[in-house]
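Asks: can't give you the sequence, but here's the structure:
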Ligand SMILES: Nc1ncnc2c1ncn2[C@@H]1O[C@H](COP(=O)(O)OP(=O)(O)O)[C@@H](O)[C@H]1O
Ligand SMILES: [Mg+2]
């Protein structure tokens, strides 16, 4: 998949998600304003009823103590004695609100703006809120001769009350959005990972074809020469070409061996032939075959094999490949005059093998990735250096099979050190 397509998908999905989020928020907002309006209406209705009841009761009481109804208007003083306690007023309001489904705590007071005075109140703490943001209902508004009085009511938890009613909707929306965002980002990471793998695979195939080409064409040239009747034949003529074919053939078999190894690694079907082996013998064997490469570059390999004992439990073939891979890398990734040091030591019931070079080095971020299969550091003149990116993943797998540990220390342009610890005995 093209990079642009991926970016396009991400952008479109993000826009769609934001849009969806916006629509959700819009719906929740409008639902909440509908709720708010109906809340207000219920409060108004309830309070109209309360006001009506208060007025009726007070007037009846006034009529009882004042037998002349005409004088009612002058009976300015309404002391709400019928509601002998705030408590009774409270339950009257509470009753009316509950009937209309308003089931949240409230504060109330009877207030005379003219004297800035509370005639009655549930608690003095809420005076400010009652006056500023409370709902206000005039009492005895038909009675022109009394000082204007207001019944004020305030709901400290109005917002929360309205929200609890929307809670379910909000919760479901949040859960759905989280699920979508999660699956979306998961899909994208999988896509990106797949793309990386497919890029690496095509790199691998390119490299492989390249590596196969040389021996194949050399062999076919040799065959042509051998088949050419016009060339003078001699003992050395045959020897040269047969040697050539043999060499290239062994190169081919090493290549196919490596690819097979990679396939085996992939399936996790590594077969280990465990025996007691001498690590130093293995190192010396590998050095024989790598020395020529190092000498071509005018470099040297120095050893400091201090481990005693140097015998450990392991698979001879795999360990030989492991040391070969590390020394091969040390030579390959050191452009000028390789100075490679191999050290062994005993530590912690095992042997530690260190291989150090003075090559191009590996940055901190890359150090995590070099052990991945098919991974090759993409910078620098790496493509002048042949490789499949399989060596270190194989090394890591072998170290794992031996219950060992591998660590890397490296600095760009200074060199790299691989340190591997092997226990003497592999635990069952
Ligand atoms: N000694 C080293 N110095 C610098 N870079 C190294 C060294 N060893 C490995 N690397 C980096 O790690 C990558 C992976 O190594 P490896 O798995 O052996 O694959 P390759 O086939 O490329 O050698 C290499 O391509 C190289 O970029
Ligand atoms: Mg390698």
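Replies: Structure received. Treat the numbers as computed from the prediction; the structure is a model and nothing was measured. Numbering: from 1, shown residues only. Ligands and ions are numbered 1, 2, ... in the order given.
Asks: Report the strands that pair with the helix or strand containing residue 344, each with its relative direction.
Replies: Using DSSP states H and E, the element containing residue 344 is strand 339-346. Strand 339-346 pairs in its sheet with strand 300-305 (parallel), strand 350-356 (antiparallel), by DSSP bridges.
Asks: Show me the one of those strands that comes nearest residue 170.
Replies: Residue 170 lies closest to strand 350-356 among these, at 59.0 Å (C-beta to C-beta). All C-beta spots, glycine's among them, are computed from the backbone N, C-alpha and C.
Asks: and the next helix or strand after the closest one, average pLDDT?
Replies: Per DSSP H and E, the first helix or strand lying C-terminal to strand 350-356 is helix 364-369. Taken as a whole, helix 364-369 carries a mean pLDDT of 92.
Asks: So is the helix or strand just after helix 364-369 next to ligand 1?
Replies: Moving toward the C-terminus from helix 364-369, the next helix or strand (DSSP H and E) is helix 391-401. Yes: for helix 391-401 and ligand 1, the contact criterion (C-beta under 6 Å from any ligand atom) is met by 391-393.
Asks: Could you pick out the residues of the protein near ligand 1 for me?
Replies: 325, 329-330, 333, 357, 359-362, 370, 375-377, 382, 387-393, 416.
Asks: Just the buried ones from the residues you listed?
Replies: Those of the residues of the chain next to ligand 1 that meet the buried threshold are 325, 329-330, 333, 357, 359-362, 370, 375-377, 387-393, 416, by 16 or more other C-beta atoms under 10 Å.
Asks: Regarding this protein, what is its longest helix?
Replies: helix 158-227 (DSSP state H).
Asks: does that helix come close to ligand 2?
Replies: No: Helix 158-227 does not reach ligand 2 (C-beta under 5 Å from the ion); its nearest approach is 11.3 Å.
Asks: Tell me how many other residues surround residue 202.
Replies: Residue 202 has 10 neighbours, counted by other C-beta atoms under 10 Å.
Asks: and what of residue 285?
Replies: Neighbour count of residue 285, defined by other C-beta under 10 Å: 14.
Asks: So what does it look like in phi/psi?
Replies: The phi/psi pair for residue 285 (degrees, to the nearest 10) reads phi -60, psi -50.
Asks: Nearest residue to it in space, please, no chain neighbours.
Replies: Leaving aside its chain neighbours, residue 285 sits nearest to residue 320 (6.5 Å; criterion: C-beta to C-beta, 6 or more residues apart in numbering).
Asks: what's the one you found in contact with, if anything?
Replies: 282, 285-286 (C-beta atoms under 8 Å, 6 or more residues apart in numbering).
Asks: List just the nearest of those to ligand 2.
Replies: Comparing those against ligand 2 with C-beta to the ion places residue 286 closest, at 13.5 Å.
Asks: Next one: that closest one from residue 386, what distance?
Replies: Distance, residue 286 to residue 386, by C-beta to C-beta, to the nearest Å: 19 Å.
Asks: Of the residues of helix 391-401 next to ligand 1, which fall within the contact range of ligand 2?
Replies: Within those, those near ligand 2 by C-beta under 5 Å from the ion are residue 391.
Asks: any chance of the residues of helix 391-401 next to ligand 1 in a markdown table, plus pLDDT?
Replies: Formatted as a markdown table, these follow (pLDDT from 0 to 100):
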| residue | pLDDT |
| --- | --- |
| 391 | 87 |
| 392 | 92 |
| 393 | 88 |
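Asks: Who has more neighbours out of residue 286 and residue 386?
Replies: residue 286 (22 against 12).
Asks: ok, the more buried one touching residue 324?
Replies: Yes: if you go by C-beta atoms under 8 Å, residue 286 and residue 324 touch, sitting 4.9 Å apart.
Asks: and residue 231, what are its phi and psi?
Replies: Backbone torsions for residue 231, taken as degrees, to the nearest 10, come to phi -80, psi 140.
Asks: whoops, residue 306 was the one
Replies: Phi and psi for residue 306, reported as degrees, to the nearest 10, are phi -90, psi -10.
Asks: In contact with it, which residues?
Replies: Going by C-beta under 8 Å, 6+ apart, residue 306 touches 343-346.
Asks: Pick the one among these closest to ligand 2.
Replies: Closest to ligand 2, out of all of these and judged by C-beta to the ion, is residue 343, at 20.3 Å.
Asks: residue ranges for the strands of the stretch 1-150 of the chain, please.
Replies: With DSSP state E, counting those that start in this stretch as the criterion, the stretch 1-150 of the chain has strands at 107-112, 117-121, 135-139, 149-154.
Asks: In this protein, where is pLDDT below threshold?
Replies: 1-2, 65-84, 144-145, 260-269, 380-384 (pLDDT under 70).
Asks: Residue numbers of it in contact with ligand 2?
Replies: By C-beta under 5 Å from the ion, the part of the chain that sits against ligand 2 consists of 329, 387, 391.
Asks: now with 8 Å?
Replies: Contact residues (C-beta under 8 Å from the ion) of the chain with ligand 2: 325, 328-329, 332, 387-392.
Asks: Give the bridge partners for residue 301, please.
Replies: residue 340.
Asks: so who does it touch?
Replies: Neighbours of residue 301 in contact, by C-beta under 8 Å, 6+ apart: 287, 290-291, 294, 327, 338, 340-342.
Asks: Okay, it and residue 289: tell me how far apart.
Replies: Remark: distance between residue 301 and residue 289 (C-beta to C-beta) = 12 Å.
Asks: ok, now residue 3?
Replies: Distance, residue 3 to residue 289, by C-beta to C-beta: 42 Å.
Asks: Looking at the two, which is more packed in?
Replies: For residue 3 versus residue 289, neighbours defined as other C-beta under 10 Å are more numerous around residue 289 (12 against 9).
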